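K.L.:
Have a look at this prediction, sequence included:
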Amino acid sequence: MKFTVVHTESSARAGVLETDHGVIETPIFMPVGTQGTVKAVEQRELVEIGAQIILGNTYHLYLRPGTEVLQAMGGLHKFMNWQKPILTDSGGYQVFSLSEFRKITHEGVTFKSHLDGSTHFFTPSKVIEIQRAIGSDIMMVLDECAPFPCEEEYARESNELTVRWAKECLQTWKNTKPLYGHHQSLFAIVQGSVYKNIRKSSAEALVELDFEGYAIGGLAVGEPIETMYEMTEFTTQFLPKDKPRYLMGVGTPENLLESIERGIDMFDCVIPTRNGRNGMLFTRKGRINIRNAKWKMDDSPIDDGFDSYTNKNFSRGYLRHLFQVDEILGLQLASLHNLAFYLWLMREARKNILANTFSYWKKEMLEQLVAQN
RNA sequence: GGGUAGGUAGCGAAGUGGUUAAACGCAACAGACUGUAAAUCUGUCGCCUACGGGCUUCGGAGGUUCGAAUCCUUCCCUACCCA
């Protein structure tokens, strides 16, 4: 993997991330495809809207279809017929979201499967091996995504565990080889909750270990949004300038722009797909709830501000109808639209960074984004 | 014409003397959702409200009772069966 920052405007960066499955132009948004599919969106459509990389999830793919199937099928790329890059989350988020089903020890995490209650033990080393079987281009270390709020003492111990696990992941990464002939990078995850001193020591310890990229985790878990920005801005100063920075699980279009300004290159979030399936559509002029009665007779496109399949072909009134009658196409079009919007937004951000107009453009964009349709 | 079963909020449907403005489901209306246990979840849903409450309801009318959607009388309507 090779990462090049091609231009900066203040802290905002435009970069190029080269992987064996293709080039990713940053800043980039990565659609979430937890179980080997971006929910309600086809691979063909992802390519059409300009998706450059998607996510998969180690925990979910380990449970189903399982590493045996993935290996027999030649890895996730081949299995799901997605030839662009894939990043896999380690299951660290499930340590947080499935906290009632797991137990953490120094050695790893014991999960009780949310599917059948069976017990599974995830060690840092095992998580790397699973990701080898998946064949993702970018693997994530096993971490603990601490909840918010959490005591400083808990955050410190949790982060010490995360750093310890990162070392073990790195070791296994060095001692194992890719199964499908393409390079697999390993990114570390900075934790530390909302405590600057812990964030700093976390970042410094991980940078010392020399990973190919660095993620900031443990944010957007309930803390005030200003705190999230503050922690992001604070943390990036300790990260190497020549390596990609990934803000995990973030966020809204506004969050993305604010974070790009603070030096982030990569994002992923379920918002465009999940909220899309629940009727929230993003537009240049703010978000709308397409189920609302006010769209019943609305003949206009979802967003006339950018060129896309959904905008060119369907009205708000029709989308509302699809949601009213609970038709599958509604979920598909909403997800497709939102992802297209996010990807469009990232392309515009990049374009403006390259032109040194990001700061101005972002301000204008934010004003529109918070407006009410 | 005779018989039987019924008529409850937009619809469906509980409730058969008091804790009932009336369960529950659907529809409708609004909200939430940030490394996906989510095509999920929450709230509102007779009328008015200064959110404290106030007012009018269970086919219509009349009655019994301290008290009726629930009991009685009568009328109207619906479905099915017989003629």
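P.N.:
Yep, it's here.
K.L.:
Run through the stretch 201-350 of chain A and note the low-pLDDT ranges.
P.N.:
Judged against pLDDT under 70, the stretch 201-350 of chain A has no low-scoring part.
K.L.:
could you pull out the strands for the stretch 1-150 of chain A?
P.N.:
A:2-9, A:12-19, A:22-26, A:28-31, A:54-57, A:86-89, A:102-104, A:109-112, A:119-122, A:138-140 (DSSP state E, counting those that start in this stretch).
K.L.:
What is the third one packed up against?
P.N.:
Contact partners of strand A:22-26 among helices and strands, from 3 or more Cβ pairs under 8 Å, 6 or more residues apart in numbering; DSSP states H and E: strand A:12-19, helix A:328-354. Backbone N, C-alpha and C define where each C-beta goes, glycine included.
K.L.:
Can you lay out the strands of the stretch 1-150 of chain A as a markdown table showing mean neighbour count?
P.N.:
Shown next, in a markdown table, are the strands of the stretch 1-150 of chain A (neighbours: other Cβ atoms under 10 Å):
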| stretch | mean neighbour count |
| --- | --- |
| strand A:2-9 | 15 |
| strand A:12-19 | 21 |
| strand A:22-26 | 19 |
| strand A:28-31 | 25 |
| strand A:54-57 | 24 |
| strand A:86-89 | 27 |
| strand A:102-104 | 16 |
| strand A:109-112 | 19 |
| strand A:119-122 | 16 |
| strand A:138-140 | 28 |
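K.L.:
and RNA strand B, which of those strands is closest to it?
P.N.:
strand A:86-89 (3.4 Å; Cβ to the nearest atom of the strand).
K.L.:
which residues touch the closest one?
P.N.:
Contact with strand A:86-89 is made by A:21, A:30, A:53-58, A:61, A:76-77, A:131, A:134-140, A:248, A:268, as judged by Cβ atoms under 8 Å, 6 or more residues apart in numbering.
K.L.:
can you pull the buried residues of the helix or strand harbouring A:Tyr318?
P.N.:
When elements are assigned from DSSP states H and E, A:Tyr318 belongs to helix A:316-324. Going by neighbour count (16 or more other Cβ atoms under 10 Å), the buried part of helix A:316-324 is A:316, A:318-323.
K.L.:
sorry, back to before: how about TSV for the strands of the stretch 1-150 of chain A, with mean pLDDT and distance to RNA strand B added?
P.N.:
Putting the strands of the stretch 1-150 of chain A into TSV (pLDDT from 0 to 100; distance: least, Cβ to the nearest atom of the strand, whole Å) gives the following:
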stretch	mean pLDDT	distance to RNA strand B
strand A:2-9	98	19
strand A:12-19	98	17
strand A:22-26	98	17
strand A:28-31	98	8
strand A:54-57	98	4
strand A:86-89	98	3
strand A:102-104	95	11
strand A:109-112	95	9
strand A:119-122	96	13
strand A:138-140	98	5
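K.L.:
could I get those as JSON lines with distance to A:Glu261?
P.N.:
Listed next are the strands of the stretch 1-150 of chain A as JSON lines, based on distance: least, Cβ to Cβ, whole Å:
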{"stretch": "strand A:2-9", "distance to A:Glu261": "9"}
{"stretch": "strand A:12-19", "distance to A:Glu261": "5"}
{"stretch": "strand A:22-26", "distance to A:Glu261": "14"}
{"stretch": "strand A:28-31", "distance to A:Glu261": "15"}
{"stretch": "strand A:54-57", "distance to A:Glu261": "23"}
{"stretch": "strand A:86-89", "distance to A:Glu261": "23"}
{"stretch": "strand A:102-104", "distance to A:Glu261": "35"}
{"stretch": "strand A:109-112", "distance to A:Glu261": "35"}
{"stretch": "strand A:119-122", "distance to A:Glu261": "35"}
{"stretch": "strand A:138-140", "distance to A:Glu261": "23"}
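K.L.:
hey, where'd the helices end up in the stretch 101-250 of chain A?
P.N.:
Assigned helices in the stretch 101-250 of chain A, in chain order: A:124-134, A:152-175, A:196-209, A:225-236 (criterion: DSSP state H, counting those that start in this stretch).
K.L.:
Can you tell me which residues in the stretch 101-250 of chain A are near RNA strand B?
P.N.:
Residues of the stretch 101-250 of chain A lying close to RNA strand B (Cβ under 7 Å from any atom of the strand) are A:101, A:114, A:140, A:143, A:145, A:189, A:215, A:217-218, A:220-221, A:225, A:248-250.
K.L.:
Which one (most neighbours) among these?
P.N.:
Neighbour counts for these peak at A:Gly218, which has 34 neighbours (criterion: other Cβ atoms under 10 Å).
K.L.:
Now do the same contact list for A:Ser11.
P.N.:
With Cβ under 8 Å, 6+ apart, A:Ser11 has these contacts: A:233, A:236, A:261-263.
K.L.:
Now flag whichever of those residues is closest to A:Lys296.
P.N.:
Nearest to A:Lys296 among the contacts of A:Ser11: A:Glu261, at 38.4 Å, using Cβ to Cβ.
K.L.:
so how far is RNA strand B from that closest one?
P.N.:
15 Å (Cβ to the nearest atom of the strand, to the nearest Å).
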